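Trainee: Structure for the following, please:
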Amino acid sequence: MSGPVLVGVDGSTTSMAAVEVAAREADRMGVALRLAHACAWPSASVAPGVAPWDPGGIRGHGAADRVLAEADRRARRVVPGLCVTHTVLMGEPAAVLETESRRASLTVVGSRLGGRTGGGRRGSVATRLVGHGGSPVLMVRGGADPNGPVVLVGDGAHLRRHAAEFAFGQAAARGADVLVLDGFAARSGRIQDRLHDPLAALREQYPDITVLRPRVRGGMRRAVIDASGFAQLVVIGARCRGGWSAALPPTVSRAALKHAGCPVAVIPEEGESR
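Mentor: Modelled structure (predicted):
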């Protein structure tokens, strides 16, 4: 897909961190960066003389313009020469980003996006986008270890193909290893043998990438959170039809979005996105 990398911006520290990550991702993917600022409709009545479609008036637009100008500056500082576009959207942040994501290659959000425009719970915007959006979702959180691996979370033979491709592509761009956390191994105590390895084709495509497959002890939820503490990125595959339905138990995926110590990418399978 050649759509832009979309990033939600609300002026918070976490959303500005998301802008910088999104700029790097847009540069890696060779696409534009689109900055989106959502203005929620006020709960109080619109003041006399103010157009109902512009409840914030000039003052509201000024605030949005300042937020987007700062986000633009951050993005261009990280990737000089990057093509950056802006949009101001009226509505609840998760809802408007859901719509915009259908034209994006990747949607990036901070871990607390929405806090100034409706009080979204930590990770709730990302969770909604995973369940109902139209692109892969990257939630920026924690402090990624620049020397750590890319963690691919899956379930044995059911490792999602597009998630695996995304993880290996990211590892190649970052010069990182791929660490595979396998739900099959966690349940059975056995690691998938090479003959039936669903990653065999990717191993051949990326011969310089080291693939690590540790035994999972203490359950997948704990293993994913622990690994995120020394990783650059956690990648999870998902099949979503009108709601959350990941390859792994939803508690594992939601725990990653809520508690991971590094950014988390959730990649829908082609033909299964909304």
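Trainee: Could I get the CA-only coordinates of stretch 251-266 as CSV?
Mentor: Extracted in CSV, the C-alpha atoms of stretch 251-266 (Å, rounded to 0.1, in the frame of the first residue of the first chain):
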residue,chain,number,x,y,z
THR,A,251,-5.5,-10.8,27.0
VAL,A,252,-2.0,-11.3,25.5
SER,A,253,-2.5,-8.7,22.8
ARG,A,254,-4.2,-6.2,25.0
ALA,A,255,-1.6,-6.6,27.7
ALA,A,256,1.1,-5.7,25.2
LEU,A,257,-0.7,-2.5,24.2
LYS,A,258,-1.3,-1.6,27.8
HIS,A,259,2.0,-2.7,29.5
ALA,A,260,4.7,-3.1,27.0
GLY,A,261,8.0,-1.4,27.6
CYS,A,262,8.5,-0.5,23.9
PRO,A,263,6.4,0.3,20.8
VAL,A,264,3.8,-2.3,19.7
ALA,A,265,2.7,-2.9,16.1
VAL,A,266,-0.5,-4.9,15.4
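Trainee: What is the helix or strand hosting Thr99 packed up against?
Mentor: Assigned by DSSP states H and E, Thr99 belongs to helix 93-100. Where contact means 3 or more Cβ pairs under 8 Å, 6 or more residues apart in numbering; DSSP states H and E, helix 93-100 is packed against strand 5-8, strand 33-39, strand 84-90, strand 106-110, helix 124-132. For the C-beta atoms, the positions are set from N, CA and C on the backbone; glycine is no exception.
Trainee: which of the residues in it are buried?
Mentor: Across helix 93-100, burial judged by 16 or more other Cβ atoms under 10 Å covers Pro93, Ala94, Ala95, Val96, Leu97, Glu98, Glu100.
Trainee: So what's the gap between that helix and the chain middle?
Mentor: The chain centre lies 14 Å from the centre of helix 93-100; the measure is Cα atoms, centre = their mean, to the nearest Å.
Trainee: That helix vs helix 124-132, what angle?
Mentor: Following axes from the mean of the first three to the mean of the last three Cα atoms, to 10 degrees, one obtains 40 degrees for the angle between helix 93-100 and helix 124-132.
Trainee: Specify the angle between the top helix by length along the chain and strand 84-90 in degrees.
Mentor: Secondary structure of the chain per DSSP state H: the longest helix is helix 57-78. Between helix 57-78 and strand 84-90, the angle comes out at 150 degrees (the same axes, to 10 degrees).
Trainee: Output helix 57-78 as CSV, nothing but the C-alphas.
Mentor: The C-alpha coordinates for helix 57-78 follow below in CSV (Å, rounded to 0.1, in the frame of the first residue of the first chain):
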residue,chain,number,x,y,z
GLY,A,57,-14.0,29.5,16.3
ILE,A,58,-10.7,31.2,15.4
ARG,A,59,-9.3,30.5,18.8
GLY,A,60,-9.8,26.7,18.4
HIS,A,61,-8.2,26.7,15.0
GLY,A,62,-5.3,28.7,16.3
ALA,A,63,-4.6,26.0,19.0
ALA,A,64,-4.8,23.2,16.3
ASP,A,65,-2.5,25.2,14.0
ARG,A,66,0.1,25.5,16.8
VAL,A,67,0.0,21.8,17.6
LEU,A,68,0.4,20.8,14.0
ALA,A,69,3.1,23.4,13.4
GLU,A,70,5.1,21.9,16.3
ALA,A,71,4.5,18.4,15.1
ASP,A,72,5.6,19.4,11.6
ARG,A,73,8.8,20.8,13.0
ARG,A,74,9.5,17.7,15.0
ALA,A,75,9.0,15.5,11.9
ARG,A,76,11.2,17.5,9.7
ARG,A,77,13.9,17.7,12.3
VAL,A,78,14.0,13.9,12.4
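Trainee: Cool, thanks, talk later.
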